[in-house]
Structure formats: C-alpha cells, structure tokens
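> predicted model, plus sequence, below.
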Amino acid sequence: MATLAEKCKEGPEGIKESIFFFGLEYRLNHLIATYSKPYVALLDGVTMGGGVGLSVHAPFRIATERTHFAMPETKIGFFPDVGGSFFLPRLDGCLGTYLALTSEPLMGVHTLYAGIATHYLHSSSLPDLEQRLSELAFADNASITERNNIVNATIEEFVTGLPPNEPFVFSGDLRHRIDRCFGRSTIPEILAALETDGSEWADNTIKTIKARSPTAVHVALMQMRVGREWTIQHTFQREYHIAAHFMHHPDFTEGVSSLLIRKDASPPSWTPPSLEEVKAQDVKAFFQPPAGARKLEMFKTGAPDYKDYPHAFGLPSEEKLGEMVRREPFTPRGFVAAVVEEYAGKEGVKQKVIDVVERRCGRDENGYLTWVGGEW
C-alpha cells in the first residue's frame, strides 16, 4: 500500500499505475475464486489486505492458533476490497458489516467460528498436512466436487480439537448488540443505535468508527448493503472501479502516509474530516465507473459466476440452521445432535449450534424449537 500511495502522489501516471495494480490483483482473486482444482489456503499468521484476497475465496481455509485476520482498510482511507464486497455481507447476521467498518481483528479459532476459516489446526500439524496433500492422487475423470471432498477428508484427519474454554468472542449478548446496531441503513443510524446501547463496547466502537476515514466508512457500509446481490465476477469489476476512485481521493494517500509511512502519533487528516460532512452523492459516485474506465476483463473467461460460494466446508451458516428449524420439529438436544451428525462430528459445529439455539430460537408449547429471527 505504501508504494501505491507514493505512486499516487506522482500525479496522473502514478495513479494510473496504482489502478493497474488493483486490476491485476482482483483478476487473480477472481481466478482463485473460480479455480477448477482444489485450492488450500493456510492462514497461519497475519492475514490482511492482499493475504485475504489470496485465501478467503478458497474452498479450504485453515486457521491456526497464530492466525490474525482483519480487514483494516478503513484505517488507511480505503475500502474492504479483494472481494470483501462478496464474503463479508455473506457472514452471519451483521458480523461482516461490523468487521468492515471497525477493522476489528479475529484471532485463531475465532476465524473458524466467524466463517472466515473452514478448518482449525494447530500450526505444528501443517508440515505433515502439506506432505499428505502432496501425496493425494485423483482419478483422471474425478470432478472438482469429488476432489474437494477427498481434500476435505484429508484435512479433517489432522484436526485434533479446538482450544478449550475459548468460546466465540462475537457470540451471545455481544452478537445481539452487533446485529441490532449494525443492521441499520445509515452511519448516523448505526451511531445512534450504539449510543442508545450505552455499553462500554458500544462507546469504544463509536470512537473506533469516528477514528476511521469518514469517506471510507460510508463507502464500506454501502458496499456491505449492495455487495450481497453481486456475483463473484461482478464483485471484482465493481471493486476495481471503487479502487480507482480511491486512488484519486486524498484519504488514501493521507491514511497510508500517516499510518504506514510516517507512522504519525496524531491521527490522519481526513477529507472531509467528519462522518457528518460526507455527502450521499459523493458516496454514490464511488459505485459508478470513473470517467473513461473500462470493464475489468478476468484472466479466466467462461468461469462459473455465482452469487453464493459453491463450496461449503466450514461451519453451517445461521441461515441454514434457521431453515432446518423452520422445516421440521426439533427439541434443542435433538437439533444439536442432528446437525453434528450431518456434519460428521466436525469440530466447532456443536459449539456454534448451541450458541445459535440460545440466541435465535424459542420454544413452542411442545418444547420444539421455533426460529425467533433477528433485527437486521
């Protein structure tokens, strides 16, 4: 990012080079998202920025105790790119919006619970897993689904359990707060909901949002709202245009220079300086092609285009769990057992289902679960 910000300071030619870089990056991200062979990403350490784009769209995303995931772009006057428009709005509830606006990090096993990772292993297991994966052989006529299933079974062989006494940080009452506050339609409404909440978490979250680039925060919220309807290819084409707009906006060079180059003790000088001064028409302009912009052509033509990931090797989504509850009667214990059985005892499933039952379900007169719904 530092190199790109310095390029933008050089004028039109430098800006053009920076935009070209993002085009290459997003085309690579799209290639990964539509790759026709098994793709395994190891999130063993800091996973931010470009590292997210190289991993989050893979069917297999392995977290370890050393994983440090975040989308910190609003800190530097940018937006959650590399497909953030696609994967963040598809996380449970309003968790994606919360992560996008606040840059809140996820550590270790919490990336599994959040839906970022599909598996959790101890880092000491990775060398043996890599060796085992390199030895896999597939039939020539095996489909990508069959190959992925074999890879999934292989990864599961190395799972030795999840950290004990470490429930998901964004579960229970905190998830209720996140969904209640970040399900609002505008930044002023989100801030008002946080003020009404009045908790220490809410107060800290308000301070966090107000410290970010006001323009980037407003753009990120709109991105979360419209991205849920974008296909995977459309996502990168639209993000390419948004990135181009940011290369012309002073917040990008200011944020990167202040936080990554100069490493100032004082906060960056944003333009405009406050959330209240950002105009709606200026935010909408980020979602229109810049003057003279061309459509981003992908590396892989004819690739499958989809609105939801075609692979599901992680924990079940809340949406799926809700569908199950609405479809047939379950007692709480019976529901947990049924989902755990469906997912072949996958680590983390039981913990997630219990949280969802406690947070999203009621009971009818016969003791069967009912789906309460949410406020987002």
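That came in fine, so what should we check first? Numbering: from 1, shown residues only.

> tell me the contacts of the residue most central in space within the chain?
Centroid-nearest residue in the chain, with CA atoms, centre = their mean: L88, separated by 3.5 Å. For L88, the contacting residues are 71, 80, 96-97, 99-100, 224, 227, by CB atoms under 8 Å, 6 or more residues apart in numbering. Where you see a C-beta, it was placed from the backbone N, CA and C, and this is true even at glycine.

> quick check, nearest of those to P316?
Using CB to CB, G96 comes nearest to P316 of the contacts of L88, at 16.8 Å.

> and G161, which of the three is it?
Under DSSP: H, G, I helix; E, B strand; the rest coil, G161 falls in the coil class.

> tell me the pLDDT of it.
Here, the pLDDT recorded for G161 equals 94.

> got it, and N165?
87.

> for P304, same thing?
pLDDT for P304: 90.

> so what's the residue count around the closest residue to it other than its chain neighbours?
For P304, ignoring the flanking residues on the chain, the nearest one in space by CB to CB, 6 or more residues apart in numbering is T34 at 5.9 Å. When neighbours are counted by other CB atoms under 10 Å, T34 registers 19.

> circling back: let's see which of the contacts of L88 end up in helices.
Under the assignment DSSP state H, those contribute 96-97, 99-100, 224 to helices.

> could you chop the chain up by domain?
Using automatic domain parsing, the domains assigned to the chain come out as 2-131+163-285, 318-371.

> tell me the most buried of those?
Compared across the domains of the chain, domain 2-131+163-285 shows the largest average neighbour count, a mean of 19 (mean count of other CB atoms under 10 Å).

> what about that one, distance to the chain center?
Mean-position distance between domain 2-131+163-285 and its chain equals 7 Å (CA atoms, centre = their mean, to the nearest Å).

> and the lengthiest helix in the chain, what does it pack onto?
What stands out as the longest helix in the chain, according to DSSP H, is helix 12-33. Contact analysis of helix 12-33 by 3 or more CB pairs under 8 Å, 6 or more residues apart in numbering; DSSP states H and E lists helix 2-9, helix 50-53, helix 232-248 as its packing neighbours.

> name the residues that touch the first one?
Right, helix 2-9. By CB under 8 Å, 6+ apart, the residues outside helix 2-9 that reach it are 14-15, 17-18, 21, 247, 252-253, 256-257, 260-261.

> need the contact list for E319.
By CB under 8 Å, 6+ apart, the residues touching E319 are D92.

> ok, it to L136 distance?
Plainly put, E319 is 32 Å away from L136 if you go by CB to CB, to the nearest Å.

> try H110
From H110 across to L136, the span is 29 Å (CB to CB).

> contacts only, for the closest residue to L259 other than its chain neighbours.
Leaving aside its chain neighbours, L259 sits nearest to I76 (5.6 Å; criterion: CB to CB, 6+ apart). The neighbours of I76, taking CB under 8 Å, 6+ apart as the test, are 1, 213, 252, 255-256, 259-260.

> can you do 10 Å?
Applying CB atoms under 10 Å, 6 or more residues apart in numbering to I76 gives the contacts 1-2, 5, 49, 103, 212-213, 216, 246, 251-260, 268.

> from C361, how far out is it?
Between I76 and C361 the distance, using CB to CB, works out to 40 Å.

> mind picking the two most distant members of the ones in helices among the contacts of L88?
Every pair of those checked by CB to CB; the farthest is L99 and M224, at 9.5 Å.

> what touches both of those two?
Common neighbours of L99 and M224 (CB under 10 Å, 6+ apart) are 80, 84, 88, 91, 182.

> can I get those residues in JSON lines including distance to P59, secondary structure and pLDDT?
Shown next, in JSON lines, are these (distance: CB to CB, whole Å; DSSP: H, G, I helix; E, B strand; the rest coil; pLDDT from 0 to 100):
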{"residue": "P80", "distance to P59": "21", "secondary structure": "coil", "pLDDT": "98"}
{"residue": "G84", "distance to P59": "18", "secondary structure": "helix", "pLDDT": "98"}
{"residue": "L88", "distance to P59": "18", "secondary structure": "coil", "pLDDT": "98"}
{"residue": "L91", "distance to P59": "17", "secondary structure": "coil", "pLDDT": "98"}
{"residue": "F182", "distance to P59": "28", "secondary structure": "helix", "pLDDT": "98"}
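
> from the residues you listed, which two are the most distant?
Using CB to CB, these reach their maximum pairwise distance at G84 and F182, which is 15.0 Å.

> possible to save the domains of the chain as a markdown table with distance to S143?
Shown next, in a markdown table, are the domains of the chain (distance: least, CB to CB, whole Å):
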| stretch | distance to S143 |
| --- | --- |
| domain 2-131+163-285 | 10 |
| domain 318-371 | 20 |
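
> what's the first-to-last distance across stretch 296-311?
With CA to CA, to the nearest Å as the measure, stretch 296-311 spans 25 Å from end to end.

> buried stuff in that stretch?
Buried residues in stretch 296-311, defined by neighbour count with 16 or more other CB atoms under 10 Å: 296, 298, 303, 309, 311.

> cool, stretch 283-294 as well?
Neighbour-count burial for stretch 283-294 flags 283, 286, 290 (criterion: 16+ other CB under 10 Å).

> wait, what's in contact with the closest residue in space to the last one that isn't next to it in sequence?
I take that to be P290. With sequence-adjacent residues excluded and distances taken as CB to CB, 6+ apart, P290 is closest to A244, at 4.9 Å. If you count contacts by CB under 10 Å, 6+ apart, A244 has them with 15-16, 18-20, 22-23, 286, 289-293, 296.
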